[in-house]
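Student: Take this sequence and fold it.
(chains A and B)
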Amino acid sequence: MKKQYAFYFDSANCSGCKACQAACKDKNNLDIGVLWRRVYEVAGGEWEKDGNAWRPNIFAYNISMSCNHCENAICVKNCPTKAMHKRKDGLVLVEEDKCIGCRYCEWVCPFGAPQYDEKNGVMSKCNFCYDFLEEEKDPACVSACPMRVLDFGELNELYKKYGDKGKIFPLPEYGSTKPSIIINPHFNAAKCGSLIAMIKNKEEV
Amino acid sequence: MKGSEWSLIIFTLLIQLAVGWVITFSVLQIKYFDLQSSVGKGIVSKLTLILIPIILVALFSSFLHLGSPIKAIYVFNNLTSSWLSLEILLVILFSVTVSFLIYAFNGSVSLFEHRNLICLLSSTIGLLLLFSMSKIYMIETVPAWNKLSTPILFTTSSLILGLLFLLVVLSWLVSGKEVDITFASVRIKYFKNIIMLVSMLLLLETVVFVVQNFIHGSNIAELESRRIILENNTLLFSLRILLNLVAIIGLLIIAQSTSYQRYYLSILTVSFFIISISEIIGRYLFYEMYSRLGV
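Tutor: Numbers count the residues shown, from 1 in each chain, chains lettered A, B, ... in the order given. Predicted structure coming up:
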(Lines give C-alpha, C1' and ligand atoms only; values in the text may rest on other atoms or scores of the structure.)
Protein backbone atom coordinates (compact mmCIF):
# COMPACT_ATOMS: atom_id res chain seq x y z
CA MET A 1 0.00 0.00 0.00
CA LYS A 2 1.25 3.48 -0.89
CA LYS A 3 2.50 5.47 2.09
CA GLN A 4 1.12 8.93 2.72
CA TYR A 5 2.16 11.07 5.65
CA ALA A 6 -0.58 13.32 6.96
CA PHE A 7 -1.47 15.72 9.74
CA TYR A 8 -4.36 15.50 12.15
CA PHE A 9 -5.75 18.72 13.58
CA ASP A 10 -8.32 19.08 16.33
CA SER A 11 -10.09 22.36 15.67
CA ALA A 12 -12.45 21.78 18.57
CA ASN A 13 -9.64 22.25 21.08
CA CYS A 14 -7.27 24.65 19.35
CA SER A 15 -6.75 27.79 21.42
CA GLY A 16 -5.18 29.75 18.58
CA CYS A 17 -1.95 30.34 20.53
CA LYS A 18 0.16 29.98 17.37
CA ALA A 19 2.87 28.00 19.13
CA CYS A 20 2.88 25.66 16.13
CA GLN A 21 3.36 28.62 13.77
CA ALA A 22 6.20 30.02 15.89
CA ALA A 23 7.91 26.63 16.30
CA CYS A 24 7.85 26.06 12.55
CA LYS A 25 9.20 29.52 11.84
CA ASP A 26 11.95 29.06 14.40
CA LYS A 27 12.97 25.57 13.34
CA ASN A 28 13.18 26.49 9.65
CA ASN A 29 14.59 29.98 10.21
CA LEU A 30 11.95 31.55 8.01
CA ASP A 31 12.15 35.15 6.90
CA ILE A 32 9.54 37.78 7.72
CA GLY A 33 6.47 37.25 5.58
CA VAL A 34 7.03 33.51 5.08
CA LEU A 35 4.79 31.23 7.11
CA TRP A 36 4.88 27.54 6.43
CA ARG A 37 2.24 26.93 9.07
CA ARG A 38 -0.53 29.46 9.46
CA VAL A 39 -3.17 29.73 12.15
CA TYR A 40 -6.40 31.14 10.78
CA GLU A 41 -8.97 32.72 13.04
CA VAL A 42 -12.38 32.01 11.57
CA ALA A 43 -15.51 33.80 12.71
CA GLY A 44 -18.94 34.70 11.46
CA GLY A 45 -22.61 34.67 12.17
CA GLU A 46 -25.33 37.22 12.64
CA TRP A 47 -28.61 37.84 14.40
CA GLU A 48 -31.50 35.49 13.57
CA LYS A 49 -35.16 36.19 14.24
CA ASP A 50 -36.67 33.53 16.49
CA GLY A 51 -40.35 34.33 16.96
CA ASN A 52 -40.41 37.65 18.77
CA ALA A 53 -36.79 37.35 19.82
CA TRP A 54 -33.48 37.87 18.06
CA ARG A 55 -30.78 35.32 18.73
CA PRO A 56 -27.11 35.47 17.71
CA ASN A 57 -25.62 32.55 15.81
CA ILE A 58 -22.06 33.82 15.94
CA PHE A 59 -19.20 31.39 15.93
CA ALA A 60 -15.42 31.48 16.12
CA TYR A 61 -12.73 28.87 15.89
CA ASN A 62 -9.13 28.41 14.81
CA ILE A 63 -7.57 26.28 12.14
CA SER A 64 -3.88 25.53 11.88
CA MET A 65 -2.88 24.83 8.29
CA SER A 66 0.39 23.97 6.63
CA CYS A 67 0.95 22.04 3.44
CA ASN A 68 -1.43 19.13 3.17
CA HIS A 69 0.94 17.06 1.03
CA CYS A 70 -2.00 16.25 -1.21
CA GLU A 71 -2.33 12.83 -2.80
CA ASN A 72 -3.11 14.53 -6.08
CA ALA A 73 -0.98 17.64 -5.61
CA ILE A 74 -1.94 20.37 -8.07
CA CYS A 75 1.36 22.15 -7.47
CA VAL A 76 3.34 19.09 -8.57
CA LYS A 77 1.19 18.71 -11.67
CA ASN A 78 1.73 22.33 -12.73
CA CYS A 79 5.35 22.96 -11.74
CA PRO A 80 7.28 23.48 -15.01
CA THR A 81 10.64 22.37 -13.64
CA LYS A 82 9.47 19.50 -11.39
CA ALA A 83 11.08 21.33 -8.48
CA MET A 84 7.82 20.59 -6.71
CA HIS A 85 7.76 16.81 -6.43
CA LYS A 86 6.11 14.06 -4.42
CA ARG A 87 8.18 11.47 -2.64
CA LYS A 88 7.30 7.81 -2.10
CA ASP A 89 6.32 8.57 1.49
CA GLY A 90 3.75 11.05 0.18
CA LEU A 91 5.63 14.20 1.16
CA VAL A 92 5.51 17.04 -1.36
CA LEU A 93 8.81 18.89 -1.33
CA VAL A 94 10.48 21.74 -3.21
CA GLU A 95 13.85 21.13 -4.80
CA GLU A 96 15.34 24.62 -4.56
CA ASP A 97 18.11 23.82 -7.05
CA LYS A 98 15.48 23.49 -9.79
CA CYS A 99 12.96 26.10 -8.66
CA ILE A 100 12.86 29.17 -10.92
CA GLY A 101 10.54 31.12 -8.63
CA CYS A 102 7.75 31.51 -11.20
CA ARG A 103 5.19 31.32 -8.36
CA TYR A 104 2.78 29.25 -10.39
CA CYS A 105 2.40 26.78 -7.51
CA GLU A 106 1.41 29.72 -5.32
CA TRP A 107 -1.36 30.59 -7.77
CA VAL A 108 -2.77 27.07 -8.00
CA CYS A 109 -2.56 25.72 -4.43
CA PRO A 110 -5.96 25.99 -2.71
CA PHE A 111 -4.29 25.93 0.73
CA GLY A 112 -1.79 28.76 0.35
CA ALA A 113 1.05 26.37 1.13
CA PRO A 114 3.81 27.46 -1.28
CA GLN A 115 5.40 30.65 -0.02
CA TYR A 116 7.78 32.80 -2.02
CA ASP A 117 11.19 33.28 -0.44
CA GLU A 118 12.16 36.74 -1.73
CA LYS A 119 15.71 36.51 -0.44
CA ASN A 120 16.54 33.41 -2.47
CA GLY A 121 14.05 33.84 -5.31
CA VAL A 122 12.55 30.38 -4.85
CA MET A 123 9.40 28.83 -3.46
CA SER A 124 9.34 27.26 -0.02
CA LYS A 125 6.81 25.35 2.03
CA CYS A 126 6.19 22.94 4.84
CA ASN A 127 8.41 19.91 4.42
CA PHE A 128 6.83 17.93 7.26
CA CYS A 129 10.18 18.28 9.10
CA TYR A 130 11.35 15.26 7.12
CA ASP A 131 14.77 15.61 8.75
CA PHE A 132 13.13 15.15 12.15
CA LEU A 133 11.18 12.16 10.81
CA GLU A 134 14.44 10.52 9.78
CA GLU A 135 15.63 10.95 13.37
CA GLU A 136 12.28 9.54 14.60
CA LYS A 137 11.33 12.89 16.09
CA ASP A 138 7.97 14.64 15.73
CA PRO A 139 7.56 17.64 13.40
CA ALA A 140 8.27 20.91 15.23
CA CYS A 141 4.63 22.06 15.14
CA VAL A 142 3.35 18.81 16.66
CA SER A 143 5.92 18.94 19.48
CA ALA A 144 5.22 22.60 20.23
CA CYS A 145 1.45 22.44 20.55
CA PRO A 146 0.52 22.90 24.25
CA MET A 147 -3.05 21.72 23.65
CA ARG A 148 -1.92 18.60 21.80
CA VAL A 149 -4.31 19.30 18.93
CA LEU A 150 -1.77 18.38 16.27
CA ASP A 151 -0.81 14.83 15.42
CA PHE A 152 0.83 13.19 12.46
CA GLY A 153 1.33 9.80 10.93
CA GLU A 154 0.41 7.60 8.02
CA LEU A 155 -2.93 8.77 6.61
CA ASN A 156 -4.72 5.41 6.84
CA GLU A 157 -3.58 4.96 10.41
CA LEU A 158 -4.86 8.42 11.29
CA TYR A 159 -8.22 7.56 9.70
CA LYS A 160 -8.42 4.44 11.88
CA LYS A 161 -7.47 6.44 14.98
CA TYR A 162 -9.65 9.53 14.46
CA GLY A 163 -12.11 8.75 11.70
CA ASP A 164 -12.92 10.91 8.69
CA LYS A 165 -14.94 13.89 9.84
CA GLY A 166 -14.96 15.80 6.61
CA LYS A 167 -13.60 19.25 5.90
CA ILE A 168 -14.57 22.65 7.24
CA PHE A 169 -14.25 26.28 6.20
CA PRO A 170 -11.82 27.70 5.05
CA LEU A 171 -10.85 24.52 3.25
CA PRO A 172 -12.37 24.56 -0.22
CA GLU A 173 -15.25 22.38 -1.33
CA TYR A 174 -13.06 21.57 -4.25
CA GLY A 175 -11.31 18.39 -3.25
CA SER A 176 -9.67 16.90 -6.27
CA THR A 177 -6.21 17.52 -4.81
CA LYS A 178 -7.10 15.02 -2.03
CA PRO A 179 -5.44 16.84 0.86
CA SER A 180 -3.83 14.52 3.39
CA ILE A 181 -5.33 16.04 6.49
CA ILE A 182 -7.89 14.94 9.03
CA ILE A 183 -9.71 17.61 10.94
CA ASN A 184 -11.82 17.22 14.05
CA PRO A 185 -14.25 20.07 13.49
CA HIS A 186 -15.17 22.65 16.07
CA PHE A 187 -18.83 22.10 17.07
CA ASN A 188 -19.70 25.42 15.44
CA ALA A 189 -17.47 25.00 12.41
CA ALA A 190 -18.75 26.45 9.17
CA LYS A 191 -19.09 24.19 6.17
CA CYS A 192 -16.73 24.40 3.22
CA GLY A 193 -17.71 27.22 0.88
CA SER A 194 -19.61 29.05 3.60
CA LEU A 195 -20.49 32.61 2.67
CA ILE A 196 -20.99 33.82 6.24
CA ALA A 197 -17.68 32.63 7.71
CA MET A 198 -14.63 34.86 7.32
CA ILE A 199 -10.96 34.70 8.11
CA LYS A 200 -10.51 37.47 10.61
CA ASN A 201 -6.71 37.67 10.73
CA LYS A 202 -5.91 37.98 7.03
CA GLU A 203 -3.19 40.53 7.69
CA GLU A 204 -1.32 38.06 9.92
CA VAL A 205 -1.35 35.15 7.50
CA MET B 1 -0.88 44.04 -7.72
CA LYS B 2 2.63 42.66 -7.43
CA GLY B 3 5.40 44.26 -9.48
CA SER B 4 6.24 40.92 -11.06
CA GLU B 5 2.80 40.83 -12.63
CA TRP B 6 3.54 43.96 -14.68
CA SER B 7 6.24 41.95 -16.39
CA LEU B 8 3.60 39.31 -17.17
CA ILE B 9 1.26 41.98 -18.54
CA ILE B 10 3.97 43.20 -20.89
CA PHE B 11 5.01 39.68 -21.86
CA THR B 12 1.51 38.35 -22.57
CA LEU B 13 0.38 41.42 -24.50
CA LEU B 14 3.52 41.66 -26.64
CA ILE B 15 3.60 37.95 -27.46
CA GLN B 16 -0.09 38.01 -28.30
CA LEU B 17 0.48 41.07 -30.49
CA ALA B 18 3.30 39.19 -32.24
CA VAL B 19 1.06 36.15 -32.80
CA GLY B 20 -1.74 38.32 -34.19
CA TRP B 21 0.80 40.11 -36.37
CA VAL B 22 2.17 36.88 -37.80
CA ILE B 23 -1.30 35.52 -38.56
CA THR B 24 -2.31 38.78 -40.26
CA PHE B 25 0.96 39.06 -42.16
CA SER B 26 0.70 35.46 -43.30
CA VAL B 27 -2.75 36.02 -44.77
CA LEU B 28 -1.92 39.37 -46.39
CA GLN B 29 1.44 38.41 -47.90
CA ILE B 30 -0.04 35.55 -49.86
CA LYS B 31 -2.37 37.69 -51.93
CA TYR B 32 -2.23 41.39 -51.24
CA PHE B 33 1.35 42.47 -50.78
CA ASP B 34 3.34 43.76 -53.73
CA LEU B 35 6.40 41.53 -53.72
CA GLN B 36 7.38 42.14 -57.35
CA SER B 37 8.61 45.69 -57.13
CA SER B 38 11.74 46.54 -55.15
CA VAL B 39 9.86 49.27 -53.27
CA GLY B 40 7.11 46.81 -52.37
CA LYS B 41 9.66 44.22 -51.24
CA GLY B 42 11.45 46.85 -49.18
CA ILE B 43 8.25 47.82 -47.42
CA VAL B 44 7.35 44.20 -46.62
CA SER B 45 10.91 43.60 -45.40
CA LYS B 46 10.67 46.53 -42.97
CA LEU B 47 7.27 45.25 -41.88
CA THR B 48 8.80 41.99 -40.69
CA LEU B 49 11.74 43.63 -38.93
CA ILE B 50 9.39 45.34 -36.47
CA LEU B 51 8.78 41.91 -34.92
CA ILE B 52 12.35 41.74 -33.60
CA PRO B 53 12.07 44.38 -30.82
CA ILE B 54 8.56 43.17 -29.95
CA ILE B 55 9.65 39.59 -29.32
CA LEU B 56 12.92 40.57 -27.64
CA VAL B 57 11.16 42.87 -25.18
CA ALA B 58 8.53 40.18 -24.53
CA LEU B 59 11.17 37.53 -23.80
CA PHE B 60 13.17 39.88 -21.58
CA SER B 61 10.01 40.77 -19.69
CA SER B 62 9.19 37.09 -19.10
CA PHE B 63 12.52 36.65 -17.31
CA LEU B 64 11.79 39.56 -15.00
CA HIS B 65 8.89 37.57 -13.59
CA LEU B 66 11.15 34.77 -12.37
CA GLY B 67 12.83 34.71 -8.97
CA SER B 68 15.71 32.57 -10.24
CA PRO B 69 15.92 32.95 -14.03
CA ILE B 70 19.34 31.33 -14.11
CA LYS B 71 17.69 27.95 -13.58
CA ALA B 72 15.45 28.41 -16.60
CA ILE B 73 17.05 25.40 -18.31
CA TYR B 74 14.85 23.16 -16.18
CA VAL B 75 11.58 24.61 -17.52
CA PHE B 76 11.10 21.76 -19.99
CA ASN B 77 11.08 19.09 -17.26
CA ASN B 78 7.31 18.82 -17.05
CA LEU B 79 5.98 19.04 -20.60
CA THR B 80 3.53 16.21 -20.00
CA SER B 81 1.45 17.89 -17.32
CA SER B 82 2.44 21.54 -16.95
CA TRP B 83 0.92 24.01 -19.40
CA LEU B 84 3.53 26.54 -18.31
CA SER B 85 6.32 24.23 -19.39
CA LEU B 86 4.61 23.73 -22.74
CA GLU B 87 3.98 27.44 -23.19
CA ILE B 88 7.66 28.26 -22.70
CA LEU B 89 8.59 25.66 -25.32
CA LEU B 90 6.05 27.13 -27.74
CA VAL B 91 7.34 30.67 -27.14
CA ILE B 92 10.81 29.51 -28.13
CA LEU B 93 9.50 27.62 -31.18
CA PHE B 94 7.45 30.65 -32.18
CA SER B 95 10.48 32.92 -31.85
CA VAL B 96 12.55 30.53 -33.98
CA THR B 97 9.93 30.31 -36.76
CA VAL B 98 9.50 34.08 -36.70
CA SER B 99 13.28 34.43 -37.10
CA PHE B 100 13.04 32.25 -40.21
CA LEU B 101 10.13 34.36 -41.43
CA ILE B 102 12.12 37.57 -40.99
CA TYR B 103 15.13 36.05 -42.71
CA ALA B 104 12.93 34.81 -45.56
CA PHE B 105 11.79 38.36 -46.31
CA ASN B 106 15.16 39.95 -45.68
CA GLY B 107 17.66 38.32 -47.94
CA SER B 108 17.42 34.56 -47.99
CA VAL B 109 16.33 33.54 -51.48
CA SER B 110 15.89 29.86 -50.57
CA LEU B 111 13.73 30.67 -47.56
CA PHE B 112 11.78 33.24 -49.58
CA GLU B 113 10.63 30.47 -51.91
CA HIS B 114 9.19 28.64 -48.91
CA ARG B 115 7.71 31.78 -47.33
CA ASN B 116 4.14 30.49 -47.39
CA LEU B 117 5.13 27.34 -45.51
CA ILE B 118 7.12 29.36 -42.96
CA CYS B 119 4.19 31.72 -42.48
CA LEU B 120 1.82 28.78 -42.02
CA LEU B 121 4.16 27.15 -39.50
CA SER B 122 4.62 30.39 -37.51
CA SER B 123 0.88 31.02 -37.48
CA THR B 124 0.10 27.47 -36.33
CA ILE B 125 2.66 27.59 -33.54
CA GLY B 126 1.32 31.03 -32.62
CA LEU B 127 -2.20 29.67 -32.29
CA LEU B 128 -0.96 26.76 -30.17
CA LEU B 129 0.92 29.29 -28.06
CA LEU B 130 -2.29 31.29 -27.52
CA PHE B 131 -4.07 28.09 -26.52
CA SER B 132 -1.38 27.07 -24.04
CA MET B 133 -1.32 30.58 -22.58
CA SER B 134 -5.05 30.35 -21.95
CA LYS B 135 -4.69 26.92 -20.35
CA ILE B 136 -2.08 28.26 -17.90
CA TYR B 137 -4.64 30.62 -16.51
CA MET B 138 -7.60 28.25 -16.65
CA ILE B 139 -6.75 26.93 -13.21
CA GLU B 140 -9.46 24.92 -11.47
CA THR B 141 -8.79 26.69 -8.19
CA VAL B 142 -9.21 30.18 -9.72
CA PRO B 143 -12.82 30.27 -10.97
CA ALA B 144 -12.63 33.82 -12.38
CA TRP B 145 -9.92 32.70 -14.79
CA ASN B 146 -11.26 29.20 -15.42
CA LYS B 147 -13.86 30.34 -17.95
CA LEU B 148 -14.30 30.44 -21.69
CA SER B 149 -13.81 34.21 -21.53
CA THR B 150 -10.08 33.70 -20.90
CA PRO B 151 -9.20 32.11 -24.26
CA ILE B 152 -11.72 34.36 -26.06
CA LEU B 153 -10.18 37.54 -24.63
CA PHE B 154 -6.63 36.34 -25.24
CA THR B 155 -7.49 35.55 -28.87
CA THR B 156 -9.33 38.82 -29.51
CA SER B 157 -6.48 40.80 -27.93
CA SER B 158 -4.00 38.99 -30.13
CA LEU B 159 -5.91 39.56 -33.36
CA ILE B 160 -6.92 43.14 -32.60
CA LEU B 161 -3.45 44.27 -31.57
CA GLY B 162 -1.66 42.32 -34.29
CA LEU B 163 -4.01 43.31 -37.09
CA LEU B 164 -4.17 46.96 -36.18
CA PHE B 165 -0.47 47.38 -35.47
CA LEU B 166 0.39 45.81 -38.81
CA LEU B 167 -2.09 48.07 -40.61
CA VAL B 168 -0.76 51.18 -38.89
CA VAL B 169 2.87 50.37 -39.62
CA LEU B 170 2.08 49.33 -43.21
CA SER B 171 0.08 52.51 -43.83
CA TRP B 172 2.91 54.69 -42.53
CA LEU B 173 5.45 52.76 -44.60
CA VAL B 174 3.49 53.12 -47.86
CA SER B 175 2.41 56.70 -47.25
CA GLY B 176 4.02 58.93 -49.85
CA LYS B 177 5.82 56.10 -51.63
CA GLU B 178 5.44 55.34 -55.32
CA VAL B 179 3.67 52.12 -54.46
CA ASP B 180 1.04 54.30 -52.91
CA ILE B 181 -0.99 54.13 -56.08
CA THR B 182 -0.80 50.36 -56.28
CA PHE B 183 -1.63 49.96 -52.66
CA ALA B 184 -4.36 52.55 -52.85
CA SER B 185 -6.70 50.36 -54.86
CA VAL B 186 -5.83 47.39 -52.62
CA ARG B 187 -6.19 49.58 -49.57
CA ILE B 188 -9.63 50.86 -50.32
CA LYS B 189 -11.05 47.46 -51.13
CA TYR B 190 -9.49 45.34 -48.39
CA PHE B 191 -8.47 47.95 -45.88
CA LYS B 192 -12.12 48.66 -45.07
CA ASN B 193 -12.84 44.93 -44.65
CA ILE B 194 -9.93 44.61 -42.22
CA ILE B 195 -11.10 47.66 -40.28
CA MET B 196 -14.62 46.19 -40.07
CA LEU B 197 -13.11 42.92 -38.79
CA VAL B 198 -11.15 44.76 -36.10
CA SER B 199 -14.27 46.68 -35.09
CA MET B 200 -16.26 43.46 -34.76
CA LEU B 201 -13.50 41.82 -32.74
CA LEU B 202 -13.39 44.88 -30.47
CA LEU B 203 -17.14 44.68 -30.00
CA LEU B 204 -16.93 40.97 -29.18
CA GLU B 205 -14.11 41.62 -26.73
CA THR B 206 -16.04 44.42 -25.02
CA VAL B 207 -19.16 42.28 -24.67
CA VAL B 208 -17.22 39.30 -23.28
CA PHE B 209 -15.28 41.57 -20.91
CA VAL B 210 -18.49 43.02 -19.49
CA VAL B 211 -20.47 39.77 -19.37
CA GLN B 212 -17.72 37.77 -17.61
CA ASN B 213 -18.08 40.05 -14.60
CA PHE B 214 -21.84 39.65 -14.35
CA ILE B 215 -22.28 35.98 -15.09
CA HIS B 216 -20.53 34.06 -12.36
CA GLY B 217 -20.95 31.27 -9.85
CA SER B 218 -21.88 31.73 -6.23
CA ASN B 219 -18.62 30.53 -4.70
CA ILE B 220 -16.70 32.95 -2.54
CA ALA B 221 -13.73 33.24 -4.91
CA GLU B 222 -15.88 34.39 -7.84
CA LEU B 223 -17.78 36.81 -5.65
CA GLU B 224 -14.47 38.22 -4.46
CA SER B 225 -13.22 38.59 -8.05
CA ARG B 226 -16.39 40.41 -9.01
CA ARG B 227 -16.05 42.71 -6.00
CA ILE B 228 -12.44 43.50 -6.89
CA ILE B 229 -13.37 44.52 -10.42
CA LEU B 230 -16.72 46.22 -9.96
CA GLU B 231 -16.11 47.88 -6.57
CA ASN B 232 -12.34 48.42 -6.29
CA ASN B 233 -11.63 49.10 -9.97
CA THR B 234 -14.83 50.72 -11.20
CA LEU B 235 -13.00 53.55 -12.95
CA LEU B 236 -10.64 51.27 -14.86
CA PHE B 237 -13.48 48.90 -15.74
CA SER B 238 -15.53 51.77 -17.16
CA LEU B 239 -12.51 53.30 -18.88
CA ARG B 240 -11.75 50.09 -20.75
CA ILE B 241 -15.28 49.90 -22.08
CA LEU B 242 -15.25 53.60 -23.03
CA LEU B 243 -11.90 53.37 -24.80
CA ASN B 244 -13.06 50.34 -26.80
CA LEU B 245 -16.24 52.13 -27.85
CA VAL B 246 -14.31 55.27 -28.89
CA ALA B 247 -11.92 53.12 -30.93
CA ILE B 248 -14.83 51.31 -32.58
CA ILE B 249 -16.41 54.63 -33.57
CA GLY B 250 -13.10 55.88 -34.99
CA LEU B 251 -12.61 52.72 -37.00
CA LEU B 252 -16.18 52.71 -38.29
CA ILE B 253 -15.72 56.27 -39.56
CA ILE B 254 -12.86 54.99 -41.71
CA ALA B 255 -14.72 51.84 -42.73
CA GLN B 256 -17.80 53.72 -43.91
CA SER B 257 -15.94 56.01 -46.29
CA THR B 258 -16.05 55.49 -50.05
CA SER B 259 -12.60 56.89 -50.74
CA TYR B 260 -9.30 57.06 -48.87
CA GLN B 261 -8.54 60.25 -46.99
CA ARG B 262 -5.11 61.26 -45.72
CA TYR B 263 -6.36 61.94 -42.19
CA TYR B 264 -7.55 58.33 -41.91
CA LEU B 265 -3.97 57.37 -41.14
CA SER B 266 -4.07 59.64 -38.08
CA ILE B 267 -7.40 58.19 -36.96
CA LEU B 268 -6.02 54.69 -37.42
CA THR B 269 -2.87 55.46 -35.41
CA VAL B 270 -4.79 57.15 -32.61
CA SER B 271 -7.24 54.22 -32.53
CA PHE B 272 -4.33 51.85 -32.15
CA PHE B 273 -2.96 53.80 -29.17
CA ILE B 274 -6.40 53.95 -27.58
CA ILE B 275 -6.83 50.21 -28.02
CA SER B 276 -3.36 49.54 -26.63
CA ILE B 277 -4.18 51.47 -23.48
CA SER B 278 -7.46 49.60 -23.23
CA GLU B 279 -5.67 46.25 -23.60
CA ILE B 280 -3.17 47.15 -20.87
CA ILE B 281 -6.06 48.09 -18.58
CA GLY B 282 -7.86 44.87 -19.48
CA ARG B 283 -4.83 42.73 -18.74
CA TYR B 284 -4.19 44.59 -15.47
CA LEU B 285 -7.80 43.91 -14.42
CA PHE B 286 -7.37 40.27 -15.44
CA TYR B 287 -4.54 39.83 -12.95
CA GLU B 288 -6.31 41.93 -10.33
CA MET B 289 -9.35 39.67 -10.38
CA TYR B 290 -7.26 36.72 -9.17
CA SER B 291 -9.03 35.08 -6.27
CA ARG B 292 -8.42 31.48 -5.34
CA LEU B 293 -10.77 28.93 -3.88
CA GLY B 294 -9.86 27.76 -0.43
CA VAL B 295 -7.56 29.25 2.14
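Student: Look at the closest residue to chain B within chain A and tell me its secondary structure.
Tutor: Here the residue of chain A nearest chain B is residue A:101; by C-beta to the nearest C-beta that distance is 2.1 Å. Quick note: C-beta positions are derived from backbone N, CA and C, even for glycine. For residue A:101, the assignment made with DSSP: H, G, I helix; E, B strand; the rest coil gives coil.
Student: residue at max distance from the center of chain A?
Tutor: residue A:52 (42.1 Å; C-alpha atoms, centre = their mean).
Student: Relative to residue A:90, how far out is the residue nearest the centre of chain A?
Tutor: The centroid of chain A falls nearest to residue A:65 when counting by C-alpha atoms, centre = their mean (2.3 Å). As judged by C-beta to C-beta, to the nearest Å, residue A:65 and residue A:90 stand 17 Å apart.
Student: And residue A:55, by the same measure?
Tutor: For residue A:55 relative to residue A:90 (C-beta to C-beta), the value is 45 Å.
Student: higher neighbour count, these two?
Tutor: residue A:90 (19 against 9; other C-beta atoms under 10 Å in any protein chain shown).
Student: What is the neighbour count of residue B:40?
Tutor: Residues near residue B:40, counting by other C-beta under 10 Å: 18.
Student: my guess is it contacts residue B:29, does it?
Tutor: No: between residue B:40 and residue B:29 there is no contact under C-beta atoms under 8 Å: 10.8 Å.
Student: residues near residue 125, how many?
Tutor: By default, I'm working from chain A. Neighbours of residue A:125 using other C-beta under 10 Å come to 25.
Student: Chain B, not that one
Tutor: The number of residues near residue B:125, taken as other C-beta under 10 Å, comes to 22.
Student: Which helix or strand contains residue A:183?
Tutor: strand A:181-184 (DSSP states H and E).
Student: Name the residue of chain B that lies nearest to chain A.
Tutor: Closest point on chain B to chain A, by C-beta to the nearest C-beta, is residue B:67, at 2.1 Å.
Student: did I read that right, that residue in a helix?
Tutor: No: the assignment for residue B:67 (three-state DSSP) gives coil, which keeps it out of a helix.
Student: Residue B:60 versus that one, what's the distance?
Tutor: 16 Å.
Student: Looking at those two, which is more packed in?
Tutor: More neighbours surround residue B:67 than the other of residue B:67 and residue B:60, with 19 against 13 (other C-beta under 10 Å).
Student: and residue A:168, what are its bridge partners?
Tutor: For residue A:168, the beta-bridge partners are residue A:191 (DSSP bridges).
Student: Contacts only, for it.
Tutor: A:11, A:63, A:183, A:185-186, A:189-192 (C-beta atoms under 8 Å, 6 or more residues apart in numbering or on different chains).
Student: Enumerate the residues of the stretch 151-295 of chain B near chain A.
Tutor: By C-beta under 8 Å from any C-beta of the partner chain, the residues of the stretch 151-295 of chain B that approach chain A are B:218-220, B:223, B:290, B:292-295.
Student: Go again with 7 Å.
Tutor: B:219-220, B:292-295 (C-beta under 7 Å from any C-beta of the partner chain).
Student: State the pair within these that is farthest apart.
Tutor: B:219 and B:295 (13.8 Å; C-beta to C-beta).
Student: backbone phi and psi for the closest residue to the residue of chain A closest to chain B other than its chain neighbours, please?
Tutor: In this structure, residue A:101 finds its nearest non-sequential neighbour in residue B:67, 2.1 Å apart by C-beta to C-beta, 6 or more residues apart in numbering or on different chains. Backbone torsions of residue B:67, given as degrees, to the nearest 10, read phi -80, psi -30.
Student: repeat for residue A:39
Tutor: phi -100, psi 120.
Student: beta partners of it?
Tutor: residue A:64.
Student: In contact with it, which residues?
Tutor: A:16, A:18, A:20-21, A:62, A:64 (C-beta atoms under 7 Å, 6 or more residues apart in numbering or on different chains).
Student: could you check the distance from the residue nearest to residue B:142 when sequence neighbours are not counted over to residue B:67?
Tutor: Of all residues not flanking residue B:142 in the chain, residue B:292 sits nearest, at 5.4 Å (C-beta to C-beta, 6+ apart). Residue B:292 sits 20 Å away from residue B:67, going by C-beta to C-beta.
Student: How about residue B:110?
Tutor: 43 Å.
Student: Residue A:118 now?
Tutor: Counting by C-beta to C-beta, the gap from residue A:118 to residue B:67 is 8 Å.
Student: what's the offset of stretch B:152-159 from the middle of its chain?
Tutor: 6 Å (C-alpha atoms, centre = their mean, to the nearest Å).
Student: An error on my part: the question was meant for stretch A:9-25.
Tutor: 11 Å.
Student: Mind listing what's buried along that stretch?
Tutor: A:9-11, A:14, A:16-21, A:23-25 (16 or more other C-beta atoms under 10 Å in any protein chain shown).
Student: Just the element for residue B:101, please.
Tutor: Using DSSP H and E, residue B:101 falls in helix B:83-104.
Student: Which helix or strand lies directly C-terminal to that helix?
Tutor: helix B:109-113.
Student: Could you measure from the nearest residue to residue A:36 once chain neighbours are set aside over to residue B:142?
Tutor: Sequence neighbours aside, residue A:126 is the residue nearest to residue A:36 in space, at 4.3 Å (criterion: C-beta to C-beta, 6+ apart). According to C-beta to C-beta, residue A:126 and residue B:142 sit 22 Å apart.
Student: more crowded one of those two?
Tutor: Using other C-beta under 10 Å as the criterion, residue A:126 and residue B:142 rank with residue A:126 on top: 27 against 22.
Student: which residues touch the more buried one?
Tutor: A:36-37, A:66-67, A:113.
Student: and if we set it to 6 Å?
Tutor: By C-beta atoms under 6 Å, 6 or more residues apart in numbering or on different chains, the residues touching residue A:126 are A:36, A:66-67.
Student: mind listing what's buried in stretch B:62-70?
Tutor: In stretch B:62-70, counting by 16+ other C-beta under 10 Å, buried: B:62, B:65-68.
Student: got a list of contacts for that stretch?
Tutor: A:100-102, A:121-122, B:4, B:7-8, B:11.
Student: now residue 122, nearest residue through space, not along the chain?
Tutor: Going with chain A. residue A:99 (4.1 Å).
Student: not what I meant, chain B
Tutor: residue B:97 (4.1 Å).
Student: Just give me the neighbour total for the one you found.
Tutor: Residues near residue B:97, counting by other C-beta under 10 Å: 20.
Student: and residue B:79, how many residues sit next to it?
Tutor: 13.
Student: In this structure it contacts residue B:90, no?
Tutor: No: using C-beta atoms under 6 Å, residue B:79 makes no contact with residue B:90, being 10.4 Å away.
Student: coming back round to it: who wins for most neighbours among the contacts of residue A:126?
Tutor: residue A:67 leads those on contacts (other C-beta under 10 Å) with 27 neighbours.
Student: Confirm that it sits in a strand.
Tutor: No: going by three-state DSSP, the assignment for residue A:67 is coil, not a strand.
Student: Do I have it right that it meets residue A:124?
Tutor: No: counting by C-beta under 6 Å, residue A:124 is not a contact partner of residue A:67; they are 10.2 Å apart.
Student: Chain A against chain B: which residues are in contact?
Tutor: Contact residues (C-beta under 6 Å from any C-beta of the partner chain) of chain A with chain B: A:65, A:77-78, A:80-82, A:98, A:100-102, A:104, A:108, A:110-112, A:121-122, A:170, A:172, A:174.
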